[in-house]
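A.B. asks: Fold the stuff below for me.
(one chain, ligands or ions: 1)
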Amino acid sequence: MSRYYSYINSAKEIIAAYSGLEPFASHLKKQFAANKKFGSKDRKQITQLCYCYFRLGRSLQDISLENKLLAGLFLSSRSSSDLLLHLKPEWNDVIEMRLEKKLELLNSTVNASSIFPFTNELSDGIDAAGFAFSHLQQPDLFLRIRPGRKDTVLHQLKAADVSFQVPGDNTVALLNATKIEEVIMLNKDAVVQDYSSQRVGEFLEDLKSKIENQKWNVWDCCAASGGKSIMAKDILVDINLTVSDVRESILINLKKRFQEAGIKDYKSFIRDLSLHSPLTTNHSPFDLIIADVPCSGSGTWGRTPEQLSFFPSSSIETYSALQKKIVSNTVAQLKSNGYYLYITCSVFKKENEDNVAWMQEELRLQLLKQEVIKGYAVKADTMFAALLKKG
Ligand SMILES: C[S@@+](CC[C@H](N)C(=O)[O-])C[C@H]1O[C@@H](n2cnc3c(N)ncnc32)[C@H](O)[C@@H]1O
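C.D. replies: The predicted structure is shown next:
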């Protein structure tokens, strides 16, 4: 058997053994660890086959797994591959063809809802077809350059001969495989942060003018490893920062990241915010609460395309309910006239506009601005942010 068939067979076995209960990346890691025969080139090829397969979502259910693997590779690739050259040379010859033409050539039905089965749940303004078909491409890796570090970062990227683009003032787009930690001082000079996540910073820029003489108390209540907190420090500068998360392990990562970022003065605590329990911290009540809430992550499935096949629709409601609990338990800690920045990386209306409408009606917050930050045309995630004010 040629090694290309053996790649196809390995991908078939790995996909068949996947239940969807853990991220596919973890499953893949375990499978490779248990099969030492795979060298790094084999692992790369099998990984690409599997991910391209998942990028098709529930499309092409009527063809064999082997053909779907090849179709996934064909539709998701823009450059020639040895595997297609050997197994489907007629497709490899036209690999640079436009997607519409490739679909015509396949003569099979691949449409928006076969790739992304929840198009009727989308937030307003999202182009269902543009969003669904964007899953066929792997998103880029983005850096946010920290204040005053632009010359250093661009110089280091050029010196290391890394290919990159600068889509925004302080944003760098890189190919996903770039080993950026070997090139720049991560967290000190720039942070890895998706482009749309960086654009949430525009909401913080709007708030800057509202800070007068006093130092604001800011709480990043679902902080994870601190992406939004570092951005808040960079934009709002002189703030009393408090961070919390339900996971102790992620706050350990935050601590290390903050050290590298030079952020020393902050308070942190572990708390499950879905539980209604009294909460007072040194800095409460707050002038600003940043709630980057747990969500379906449906705006980021270009990075985890297995979700297109495995995400249960019932989870949308579960996330929406959890988000409401977290918001109502944290809003209590907001000063009157304080600001609430609600963020998701979801494209679902129930987690986005519907929850904001609920905050207006039930919690009497005033909506200042809300936006679906669309990333699908620029190889980035899609996010949602809303800025509200307590009366
Ligand atoms: C979307 S992530 C935050 C990402 C982060 N703000 C950033 O920019 O890197 C959501 C975080 O909420 C935390 N979380 C989930 N359920 C929670 C709960 N019940 N109470 C508090 N935090 C929770 C998760 O552990 C996760 O780290």
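A.B. asks: Doesn't Q165 belong to a helix?
C.D. replies: No. Applying DSSP: H, G, I helix; E, B strand; the rest coil, one finds Q165 to be strand, outside a helix.
A.B. asks: and it, bridged to which residues?
C.D. replies: A173 (DSSP bridges).
A.B. asks: Next, give phi and psi for the closest residue to the ligand within the stretch 151-300 of the chain.
C.D. replies: When distances are taken as C-beta to the nearest ligand atom, the stretch 151-300 of the chain approaches the ligand most closely through G227, which lies 2.9 Å from it. (C-beta placed from N, C-alpha, C; glycine too.) Phi and psi for G227, reported as degrees, to the nearest 10, are phi -50, psi -50.
A.B. asks: residue contacts, it?
C.D. replies: When the contact criterion is C-beta atoms under 8 Å, 6 or more residues apart in numbering, the partners of G227 are 191, 193, 197, 292.
A.B. asks: Residues of the stretch 251-391 of the chain that sit close to the ligand?
C.D. replies: Where proximity means C-beta under 6 Å from any ligand atom, the interface of the stretch 251-391 of the chain facing the ligand comprises 272-274, 292, 294, 326.
A.B. asks: Distance from the chain centre to stretch 292-308, please.
C.D. replies: On the basis of C-alpha atoms, centre = their mean, to the nearest Å, stretch 292-308 is displaced by 6 Å from the centre of the chain it belongs to.
A.B. asks: now swap in stretch 42-51 and tell me
C.D. replies: Going by C-alpha atoms, centre = their mean, where stretch 42-51 is centred and where its chain is centred differ by 21 Å.
A.B. asks: Could you pull out the buried residues of that stretch?
C.D. replies: 42-43, 45-51 (16 or more other C-beta atoms under 10 Å).
A.B. asks: who touches the helix or strand bottoming out on mean pLDDT in the chain?
C.D. replies: Ranked by mean pLDDT, DSSP states H and E, the weakest helix or strand in the chain is helix 99-106, scoring a mean of 92. Here helix 99-106 makes contact (C-beta under 8 Å, 6+ apart) with 71, 74-75, 91, 94, 97, 110, 133, 136.
A.B. asks: at 6 Å instead, please
C.D. replies: 75, 110 (C-beta atoms under 6 Å, 6 or more residues apart in numbering).
A.B. asks: Need the contact partners of the very next helix or strand once past that helix.
C.D. replies: Reading on from helix 99-106 to the C-terminus, the next helix or strand found by DSSP states H and E is helix 112-115. For helix 112-115, the external contacting residues (C-beta under 6 Å, 6+ apart) are 57-59, 119, 128-129, 132, 135.
A.B. asks: Distance to the ligand and pLDDT added to these, as JSON lines?
C.D. replies: Supplementary listing: the contacts of helix 112-115 in JSON lines, determined by distance: C-beta to the nearest ligand atom, whole Å; pLDDT from 0 to 100:
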{"residue": "G57", "distance to the ligand": "23", "pLDDT": "97"}
{"residue": "R58", "distance to the ligand": "26", "pLDDT": "95"}
{"residue": "S59", "distance to the ligand": "28", "pLDDT": "95"}
{"residue": "T119", "distance to the ligand": "23", "pLDDT": "96"}
{"residue": "A128", "distance to the ligand": "24", "pLDDT": "97"}
{"residue": "A129", "distance to the ligand": "27", "pLDDT": "96"}
{"residue": "A132", "distance to the ligand": "23", "pLDDT": "98"}
{"residue": "H135", "distance to the ligand": "20", "pLDDT": "98"}
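A.B. asks: Selection in ChimeraX covering whichever of the residues you listed are buried, please.
C.D. replies: Buried members of these, identified by 16+ other C-beta under 10 Å, are gathered into one ChimeraX selection as follows:
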select :57,59,119,128,132,135
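A.B. asks: List the residues that contact the residue nearest to the spatial centre of the chain.
C.D. replies: When the chain is reduced to its mean C-alpha position, the nearest residue by C-alpha atoms, centre = their mean turns out to be T300, at 4.0 Å. Taking C-beta under 6 Å, 6+ apart, we find T300 in contact with 345, 381.
A.B. asks: A357 now?
C.D. replies: Counting by C-beta under 6 Å, 6+ apart, A357 has no contacts.
A.B. asks: Give me the pLDDT for it.
C.D. replies: Per-residue confidence (pLDDT) for A357: 98.
A.B. asks: pretty sure C52 contacts F74?
C.D. replies: No. The pair C52 / F74 is not scored as a contact, 8.3 Å apart, by C-beta atoms under 6 Å.
A.B. asks: show me where the stretch 251-391 of the chain has helices.
C.D. replies: With helices called from DSSP state H, counting those that start in this stretch, the stretch 251-391 of the chain shows them at 307-310, 314-331, 353-362.
A.B. asks: Tell me which stretches of the stretch 51-200 of the chain form helices.
C.D. replies: Counting by DSSP H, counting those that start in this stretch, the segments of the stretch 51-200 of the chain that form helices are 65-76, 82-87, 89-92, 99-106, 112-115, 128-134, 150-159, 195-199.
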